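J.: A predicted structure for the sequence below; I have some questions about it.
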Amino acid sequence: LRDSIKFNSTPSIAELNSLTVTNAGKMQLVGNTNLTLKLKTTGVIRLKTGAELVTNSRHVDLYGTIDSLADGNIVSDPATRLRVNGSANVIGYLKFKPGHDVGKSLKLNRNTQGSVRLGSPLTVLDSLVMNSGILYTSSTNLLTVAENAKLVGFGSASNYIDGPVMKQFKSGTAEFLFPVGKNGRFRPVNVVNEGGNALTAEYFNFGAAPLFNTNNIDGNPMEVKNLEYWMIQPPAPSPGQNATFTFNWGPESGITEQNNIMMRLRIAAWQADKQQWKEIGPMASNAGGSAQEGSITSDATNLFGPFTFGILDNAALPVELLEFSATPVQEDVLVKWTTVSEINNDFFEVYRSKDAMQFTPIGRVNGAGNANQVIKYEFLDPMAARQGSEVLYYKLRQVDFNGEFSDSEIVPDQFEQSGSFKL
């Protein structure tokens, strides 16, 4: 195609082996038409030098390999809805004309292992829809999710953004899940941002060292895991900006259930001014109940840059927990735990939940203060049978004399309708 072609019917469908637009040729949508370009698995839509696909605020469905890297462009606008479809192992390239690199929505709908690459920046104004496939970005070909845009879908090991993605935030407090990953690893990070207008996030499936020395530690002794990291930072310094981060781990993260690692797990943030790592996270909330997957939420912090997981040395723990269990006793539950050392331990709070997410404090047990011996504790929950839930979850909160606290792992119990408990 060397000249121009206008689609003005509803819908317009082209089923082709391939389509090449050369010179200053244009594919232009007019009227109320929506365009679906379907190609075979090996088909290619080529937008060569000077060629354009002009969307004119319509819906555009693209199949096959979209090749717009040869100086051809997609001419989009704030009302355009773009959906990228296609078969497995198909890689597409989307390049937008400068000044027209914006759309209402982008829907990633590649089949398993399919992908698409941005060949230019793109800003999504309303929604980023993650159904299937991988979207590759870069610092120069950046995907920006505007402040009013939302994420639809969660992502998976075959559906994520490989590369940086920027989220623009409204003033005040705002939350966004960055669906990032790399090389088959899905490592989303949830951010609650306050005081800043944007953050960019990217996941790396290799260690932060030697670029960020994992042996340089500020504060409590800690092993900084050199297996993966996230880079999260604002586009420019923003005084007063802080955020809370929830990071997810997987089988490759080096998190195990041995040696109380779950109790010692922290988030480590890089301090650029000191060239050191600093712990910013409390105890883990293990979503999966195992070392295979889980998440941990940081304290609010004004540190931005590299983040990864850290494991506190045993000596740095205010309380070293040896055992923690919840055992049915008729219609009650007996919560028991054992410590082998305590430092400035004021008391324990026992928490109960029906969903392992929303916990309610149900009791308090005084700690030993400072101890270097085995101490056994227990707490009886007499209200367990009255909760009306088949599954109950328990956790401990250890509180220091200075008010700082750490949460234990979560232990479940199951309630039978007959009125008794079982493990």
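T.: Thanks, I have it.
J.: for the stretch 201-350 of the chain, what spans make up the helices?
T.: Ranges of helices in the stretch 201-350 of the chain, per DSSP state H, counting those that start in this stretch, are 261-264.
J.: what about the closest residue to F245 other than its chain neighbours, distance to V329?
T.: The spatially closest residue to F245, leaving aside those adjacent along the chain, is S298, at 4.6 Å (C-beta to C-beta, 6 or more residues apart in numbering). Every C-beta, even on glycine, is put in place using the N, C-alpha and C of the backbone. Going from S298 to V329 by C-beta to C-beta, to the nearest Å gives 37 Å.
J.: out of these two, which sits in the more crowded spot?
T.: Neighbours were counted for S298 and for V329 using other C-beta atoms under 10 Å; S298 has more, 22 against 13.
J.: picking that back up, wait, the residue nearest to F245 touches W230, no?
T.: No - in this structure S298 lies outside contact range of W230 using C-beta atoms under 8 Å: 11.2 Å.
J.: Pull up the overlap in contacts between these two.
T.: F247, F307 (C-beta atoms under 8 Å, 6 or more residues apart in numbering).
J.: picking up where we left off before, so what's the residue nearest to F245 up against?
T.: S298 sits next to T244, F245, T246, F247, I267, A269, I280, G281, P282, F307 when contact means C-beta under 8 Å, 6+ apart.
J.: Could you save those residues as a markdown table and add columns showing pLDDT, distance to R81 and neighbour count?
T.: Listed next are the contacts of S298 as a markdown table, based on pLDDT from 0 to 100; distance: C-beta to C-beta, whole Å; neighbours: other C-beta atoms under 10 Å:
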| residue | pLDDT | distance to R81 | neighbour count |
| --- | --- | --- | --- |
| T244 | 94 | 33 | 18 |
| F245 | 95 | 31 | 27 |
| T246 | 93 | 30 | 19 |
| F247 | 94 | 32 | 25 |
| I267 | 93 | 37 | 23 |
| A269 | 96 | 38 | 25 |
| I280 | 89 | 39 | 20 |
| G281 | 73 | 39 | 22 |
| P282 | 63 | 42 | 18 |
| F307 | 98 | 34 | 26 |
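J.: Near E194, how many other residues are there?
T.: Using other C-beta under 10 Å: E194 sits among 17 other residues.
J.: show me where pLDDT drops low in this structure?
T.: For the chain, the stretches with pLDDT under 70 are 1-44, 64-71, 87-91, 112-113, 258-260, 263, 282-291, 314-317, 414-423.
J.: May I have the phi/psi pair for the residue nearest to F245?
T.: According to degrees, to the nearest 10, the main-chain angles of S298 amount to phi -80, psi 170.
J.: can you map out the strands along the stretch 201-350 of the chain?
T.: With DSSP state E, counting those that start in this stretch as the criterion, the stretch 201-350 of the chain has strands at 217-218, 222-224, 229-233, 242-249, 265-271, 276-279, 285-290, 293-297, 305-312, 319-329, 332-353.
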